[in-house]
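Colleague: Prediction below, plus the sequence it came from.
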Amino acid sequence: MKAQKPSPSSYRFGWFDWFCLWYPPGWLILFNRHWQHYHADPEGWNWLEYILFLLPGGFYLALLLRWLRLGGRSPCQTNTSVEPGYQKAFRDEILAPILQHHFQPELHNTEHLPQQGHFIVVLNHAGMAFPWDFVGLGTLLSQTKGWFVQPVAHEIFFDHPWLKWWLPAGWSQILGGIRANRDSFETAVADEQAETVLLYAPESWRGLAKGWQQRHQLETFDPSFIKLSDRHHIPILPVLCIGNEFLHPWAFNSRKLTKWTGLPLFPLSPLMIAFLLFPSMGVWAAKTHLRYYIQPLEKPWQREHSLQNRSVAYQEAQDLRSRLQNSMNDYLSQLVK
């Protein structure tokens, strides 16, 4: 795995970047401007289109202008090899300011962190928005331990045609994303010599789709991570996030629109009115306080029974879910006091 070296000059915020940090439709501009600082991207967004992002309905005109500029086609796929160097630059120069000013993430119970980075992090997923709960935890773990953290993400973040217009082609893979399918997951954990730190949502899209009313209820855990942990003797580090439920408050999932759009979920809330006017807000989320509570390391292969049987692995996953639900209830009651 060969990383592309960042350019000699790091990306520094100017007045326009600070404005984009403050103005919700500008976050997508920050993502793309940072990419263009380190990569040649002649098919990416340009300055006129960036300005249109900031106006109500302007994104649709910017999209049309870019489509015409590309000759009536989608952006081409680019190099998709993983770039740890760019992940670090993006983390320090873009994610860190956004997290500090907007989400104020906190990492609790750090005594449970392993000394070496070869484990699967399982995190409750909520918010019905861009996965800032994952991004925040990955950034904190990287800053604290220097680990190269790779999120296991749904296929939509790699292949959906809409995403090619929001973000650079191949962006998810270059930042270290792992496709949430059996083969990719298996390959990522198989190398026992590598410092593999994977972020995984055992609730899958069920966690996001549960909506505001069930925001503090953990959904059914998929047992795949239990079986992989048992097979490759890779520990599991459970982490609970509180605050991610406010990333998109008062939202519920529209099942009819999910079928019509082909998306795994389609949130509806008062904030969707702003999104229709400013589609670049797709990477934005409401201001909240992300608190991460690290739990003791789990080593399923030390159990007396075999976990390669799916029913046994399923029960083990639900036992973990139940224990995490109890811990979450305790943390929530403490925060209320």
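Modeller: All right, it came through fine.
Colleague: So what's the residue count around residue 60?
Modeller: Neighbours of residue 60 under the rule other Cβ atoms under 10 Å: 12. (Glycine included, C-beta is placed from N, CA and C.)
Colleague: Equivalent analysis for residue 162, please.
Modeller: Using other Cβ under 10 Å, residue 162 is surrounded by 13 other residues.
Colleague: those strands in the chain, which residues are they?
Modeller: Under the criterion DSSP state E, strands of the chain are mapped to 106-108, 119-123, 149-153, 178-179, 197-200, 236-242, 252-253, 267-268, 291-294.
Colleague: give me the low-pLDDT residue ranges for the stretch 1-150 of the chain?
Modeller: Scanning the stretch 1-150 of the chain for pLDDT under 70 picks out 1-8, 78-79.
Colleague: circling back to that earlier point, ok, which of the strands of the chain comes nearest residue 37?
Modeller: strand 149-153 (22.2 Å; Cβ to Cβ).
Colleague: Tell me which other helices or strands that closest one touches.
Modeller: helix 132-145, strand 178-179, helix 182-190, strand 197-200 (3 or more Cβ pairs under 8 Å, 6 or more residues apart in numbering; DSSP states H and E).
Colleague: Sheet partners, orientation included, of that strand?
Modeller: Note on strand 149-153: by DSSP bridges, its sheet partners are strand 178-179 (parallel), strand 197-200 (parallel).
Colleague: what angle separates that strand from helix 132-145?
Modeller: 160 degrees (axes from the mean of the first three to the mean of the last three Cα atoms, to 10 degrees).
Colleague: Use 54 as the first number from now on
Modeller: Shifting the count to begin at 54 puts that one at strand 202-206.
Colleague: Okay, angle between strand 202-206 and helix 235-243 too, please.
Modeller: Following the same axes, to 10 degrees, one obtains 160 degrees for the angle between strand 202-206 and helix 235-243.
Colleague: What number of residues are in the vicinity of residue 183?
Modeller: Neighbours around residue 183, by other Cβ under 10 Å: 17.
Colleague: who touches it in this structure?
Modeller: 300, 335, 336, 337, 338 (Cβ atoms under 8 Å, 6 or more residues apart in numbering).
Colleague: who's in contact with stretch 354-373?
Modeller: 175, 255, 273-276, 278-280, 282-284, 286, 289, 291, 351, 353.
Colleague: got it, and stretch 208-221?
Modeller: By Cβ under 8 Å, 6+ apart, the residues outside stretch 208-221 that reach it are 81, 84-85, 88, 92, 94, 97, 116, 119, 127-128, 131, 225-226, 230, 232-234, 316-317, 333, 335-336.
Colleague: If we use 6 Å, what do you get?
Modeller: Residues outside stretch 208-221 that contact it (Cβ atoms under 6 Å, 6 or more residues apart in numbering): 88, 127, 128, 225, 232, 335.
Colleague: Identify each buried residue in that stretch, please.
Modeller: By 16 or more other Cβ atoms under 10 Å, the buried positions in stretch 208-221 come out as 209, 210, 211, 216, 217, 218, 219, 220, 221.
Colleague: taking these one by one, which sit in helices?
Modeller: Secondary structure from DSSP state H places 209, 210, 211, 216, 217, 218, 219 of these in helices.
Colleague: average model confidence for stretch 231-238?
Modeller: Mean pLDDT, stretch 231-238: 80.
Colleague: Can I have the buried ones of the contacts of stretch 354-373 as a ChimeraX selection?
Modeller: Entered in ChimeraX, the line below selects the buried ones among the contacts of stretch 354-373, by 16+ other Cβ under 10 Å:
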select :175,255,274,275,276,278,279,280,282,283,289,291,351,353
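Colleague: Just the contacts of stretch 354-373: which are in helices?
Modeller: Judged by DSSP H, the subset of the contacts of stretch 354-373 located in helices is 278, 279, 280, 282, 283, 284.
Colleague: measure the fourth one to residue 292 for me?
Modeller: In this view, residue 282 and residue 292 are 15 Å apart by Cβ to Cβ, to the nearest Å.
Colleague: Then the second one?
Modeller: Using Cβ to Cβ, residue 279 is found at 16 Å from residue 292.
Colleague: Can you tell me which of the strands paired with strand 202-206 is most buried?
Modeller: Compared across the strands paired with strand 202-206, strand 250-253 shows the largest average neighbour count, a mean of 24 (mean count of other Cβ atoms under 10 Å).
Colleague: Let me see the mean pLDDT of that one.
Modeller: Mean per-residue pLDDT for strand 250-253: 92.
Colleague: Distance check, the closest residue in space to residue 349 that isn't next to it in sequence against residue 86.
Modeller: Spatial nearest neighbour of residue 349, excluding adjacent residues (Cβ to Cβ, 6 or more residues apart in numbering): residue 165 at 5.4 Å. Between residue 165 and residue 86 the computed distance is 37 Å (Cβ to Cβ).
Colleague: which one of the two has more residues nearby?
Modeller: Between residue 165 and residue 86, residue 86 has the larger neighbour count (other Cβ under 10 Å), namely 20 against 14.
Colleague: who touches the closest residue to residue 332 other than its chain neighbours in this structure?
Modeller: Leaving aside its chain neighbours, residue 332 sits nearest to residue 112 (4.5 Å; criterion: Cβ to Cβ, 6+ apart). Residues near residue 112 by Cβ under 6 Å, 6+ apart: 106, 332, 333.
Colleague: okay, the residues you listed in TSV with neighbour count next?
Modeller: Shown next, in TSV, are the contacts of residue 112 (neighbours: other Cβ atoms under 10 Å):
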residue	neighbour count
106	24
332	20
333	25
